[in-house]
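S.K.: I'd like to go over a predicted model; first the sequence, then the structure.
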Amino acid sequence: MSIPQSGGGPIESRAQLAEYLEAGCKPRADWRIGTEHEKFGYCRDTHKPLPYDGPRSIRAMLTGLAERFDWTPVEEAGNIIGLVKGGANVSLEPGGQLELSGAPLETIHETCDEVNEHLREVRSVAEDIGAGFIGLGAAPEWTHDEMPMMPKGRYRLMTDYMDRVGTHGKQMMYRTCTVQVNLDFGSEADMVQKLRVALALQPVATALFANSPFFEGRVNGYKSWRSRVWRDLDADRTGMLPFVFEDGFGFERWAEYALDVPMYFVYRDGVYIDALGQSFRDFLAGKLPALPGETPTLSDWADHLTTIFPEARIKKFLEMRGADGGPWRRLCALPALWVGLLYDQGALDAAWDLVKGWDAETREALRVAAAVDGLQAEANGVRMRDLACRVLEISEGGLRARARPGAGGMIPDETHFLNALKESVDSGRVPADELLEHYHGDWDGDIGRIYNEYSY
């Protein structure tokens, strides 16, 4: 999850809320790719989650990365909670999931190099302390009581709140992992078209990247349990957002939506102040119970925007949020999929033509079906495998049109990063299917085999 935002002055008019979002518009030459991925750390001998403290711990990992690879530590209340270097940062999810938020880069080649370098660094430190890291959408065995809580004030507040607003919030916080990509937009109209395509096609990403068929030591009946978790987390801040497809949608409408999402906190002087369930509208009027008489800054608005969790969202850029964490090839495939769809106008138009006739019920039905059945999903006459095949064709065309070479010009474009996804569509099998085949076959029902065979 995001680190506290900074640098925003006082909000003096409501118009600044939409203007903050609009300030993200960039000319095409400045569009970049930012990839984020989370992974579970565990003790190699016991397969239990890494604690925060101790010789084999999250703290030891962060300290080792800082000392060995020149990352700068980020602290909260005297505890190391993250790292920064260049335009990238390493942060912690509530249960100790380690997240790389990559630098904004120009090509998928650079993104994949960054991912590989990060995983090499993580493995180097982890091997020395007896830890391992694995990419999955959900923790396969651990119970909530086994999970540590990272020493971040934001997470203490959120944990207390989750059971008030849904049934799966703490599962999301402590026992799920994702891979996502952050992309730019050029104008309000460009943002609208991209966000509509992104939301409509998130179920395709959910299906292709489904990688969480186990939970609490059992087969859970879903290809993506992580996606299932998000459906019963907090209806005020999740979902497929039908209003995005209504006439007149733009930055102002998103700001109005965000104002109606209940707050979590206000960050002041290194402290997270409890504002759970309170209203940012009241904050604008100086009537926030948590800080009576005080009005917000743009940094507060930026923080609030990070507490909204739909399947795709905007801040000063666009975030794709529908995929499970997974093996390293798919950490490069996810940004390739979306860059191909959204960064070439011909591909974007083709993707919009594919989905513009769907109603809200179809989009939601595809979301639900993708979590259960992966590429075998079907909803309202739409077959997921056929849809995914067409989506990959469009994305491949977009990447080919971009023609961004790699390996010193030896590789002509970025299309090969889609190969793992094309293999899935050809076979009809996603990572969850492979895991289930092992579980019912050579693993003989032993989920513990997953650590040795699927860790980075």
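M.R.: Yes, it's here.
S.K.: quick one, strands of the stretch 251-400 of the chain?
M.R.: 265-268, 271-274, 312-314, 318-324, 378-379, 382-383 (DSSP state E, counting those that start in this stretch).
S.K.: go through those strands and pick out the most buried.
M.R.: Scoring the strands of the stretch 251-400 of the chain by mean neighbour count under mean count of other Cβ atoms under 10 Å gives strand 318-324 as the most buried, with a mean of 26. For glycine as for every other residue, the C-beta is placed from the backbone atoms N, C-alpha and C.
S.K.: contacts for that strand next, please.
M.R.: 136-138, 177-185, 191, 194-195, 198, 202-203, 205-206, 208-212, 224, 226-227, 309-313, 330, 334, 338, 342, 431 (Cβ atoms under 8 Å, 6 or more residues apart in numbering).
S.K.: mind checking the SS state of the closest residue to Gly86 other than its chain neighbours?
M.R.: Sequence neighbours aside, Ala103 is the residue nearest to Gly86 in space, at 5.5 Å (criterion: Cβ to Cβ, 6 or more residues apart in numbering). Counting by DSSP: H, G, I helix; E, B strand; the rest coil, the backbone at Ala103 sits in coil.
S.K.: quick check, Ala103 in contact with Val84.
M.R.: No. Counting by Cβ atoms under 8 Å, Ala103 stays clear of Val84, with 10.3 Å between them.
S.K.: quick one: Val197 from Met320, how far?
M.R.: Distance from Val197 to Met320, counting by Cβ to Cβ, to the nearest Å: 10 Å.
S.K.: can you pull the buried residues of the host helix or strand of Leu83?
M.R.: Assigned by DSSP states H and E, Leu83 belongs to strand 79-85. Neighbour-count burial for strand 79-85 flags Asn79, Ile80, Ile81, Gly82, Leu83, Val84 (criterion: 16 or more other Cβ atoms under 10 Å).
S.K.: residue contacts, the third one?
M.R.: Under the criterion of Cβ under 8 Å, 6+ apart, the contact partners of Ile81 comprise Leu62, Val74, Glu75, Ser91, Leu92, Met150, Pro151, Lys152.
S.K.: mark which of these are buried, thanks.
M.R.: When the contacts of Ile81 are checked for burial by 16+ other Cβ under 10 Å, the buried set is Leu62, Val74, Ser91, Leu92, Met150, Pro151, Lys152.
S.K.: need the residues you listed in a markdown table (columns: distance to Ile273 and secondary structure).
M.R.: Shown next, in a markdown table, are the buried ones among the contacts of Ile81 (distance: Cβ to Cβ, whole Å; DSSP: H, G, I helix; E, B strand; the rest coil):
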| residue | distance to Ile273 | secondary structure |
| --- | --- | --- |
| Leu62 | 26 | helix |
| Val74 | 20 | strand |
| Ser91 | 21 | strand |
| Leu92 | 21 | strand |
| Met150 | 19 | coil |
| Pro151 | 17 | coil |
| Lys152 | 14 | coil |
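S.K.: let me know the closest of the residues you listed to Thr111.
M.R.: Closest to Thr111 out of these is Ser91 (17.8 Å), distances taken as Cβ to Cβ.
S.K.: doesn't Glu76 make contact with the closest one?
M.R.: No. Applying Cβ under 8 Å as the test, Ser91 and Glu76 come out as separate, 10.9 Å apart.
S.K.: okay, and the common contacts of those two?
M.R.: With Cβ under 8 Å, 6+ apart, Ser91 and Glu76 have no common neighbours.
S.K.: so where do the helices sit in the stretch 151-300 of the chain?
M.R.: All helices of the stretch 151-300 of the chain, identified by DSSP state H, counting those that start in this stretch, fall at 153-165, 169-175, 188-208, 225-231, 251-259, 280-284, 298-305.
S.K.: ok, which stretches of the stretch 1-150 of the chain are strands?
M.R.: 33-43, 72-76, 79-85, 88-92, 98-101, 131-134.
S.K.: model confidence for Gly7, exactly?
M.R.: Model confidence at Gly7, given as pLDDT, is 59.
S.K.: so what strands line up beside the strand holding Leu83?
M.R.: The strands beside strand 79-85 in its sheet (DSSP bridges) come out as strand 72-76 (antiparallel), strand 88-92 (antiparallel).
S.K.: show me where the stretch 251-400 of the chain dips below the pLDDT cut-off.
M.R.: Scanning the stretch 251-400 of the chain for pLDDT under 70 picks out no residues.
S.K.: pretty sure Asp274 contacts Arg268?
M.R.: No. Contact criterion Cβ under 8 Å: Asp274 and Arg268 do not qualify, at 11.5 Å.
S.K.: quick one: neighbours of Gly86, just the number.
M.R.: 11 (other Cβ atoms under 10 Å).
S.K.: also Asp70?
M.R.: With other Cβ under 10 Å as criterion, Asp70 counts 10.
S.K.: gap between it and Val84?
M.R.: To Val84, Asp70 is 11 Å away according to Cβ to Cβ.
S.K.: for Glu38, give its distance to Ile308.
M.R.: Glu38 is 18 Å from Ile308, by Cβ to Cβ.
S.K.: so for Val244, which of the strands of the stretch 1-150 of the chain sits nearest?
M.R.: Closest among the strands of the stretch 1-150 of the chain, using Cβ to Cβ: strand 33-43, at 21.4 Å.
S.K.: now the buried residues of strand 79-85 as TSV including pLDDT?
M.R.: What follows is the buried residues of strand 79-85, written out as TSV (pLDDT from 0 to 100):
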residue	pLDDT
Asn79	97
Ile80	98
Ile81	97
Gly82	98
Leu83	98
Val84	98
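S.K.: I'd like these as JSON lines, with distance to Ser395 appended.
M.R.: Output for the buried residues of strand 79-85, formatted as JSON lines (distance: Cβ to Cβ, whole Å):
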{"residue": "Asn79", "distance to Ser395": "41"}
{"residue": "Ile80", "distance to Ser395": "39"}
{"residue": "Ile81", "distance to Ser395": "36"}
{"residue": "Gly82", "distance to Ser395": "32"}
{"residue": "Leu83", "distance to Ser395": "32"}
{"residue": "Val84", "distance to Ser395": "31"}
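S.K.: ok, now which ones touch the nearest residue to Asn380 once chain neighbours are set aside?
M.R.: Nearest in space to Asn380, with sequence neighbours left out and distances taken as Cβ to Cβ, 6+ apart, is Thr362 at 4.4 Å. Thr362 makes contacts with Ala379, Asn380, Val382, as judged by Cβ under 8 Å, 6+ apart.
S.K.: now those residues in CSV, with distance to Pro242?
M.R.: Formatted as CSV, the contacts of Thr362 follow (distance: Cβ to Cβ, whole Å):
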residue, distance to Pro242
Ala379, 16
Asn380, 15
Val382, 17
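S.K.: relative to Pro49, which of the residues you listed is nearest.
M.R.: When the contacts of Thr362 are compared against Pro49 (criterion: Cβ to Cβ), the nearest one is Ala379, at 35.1 Å.
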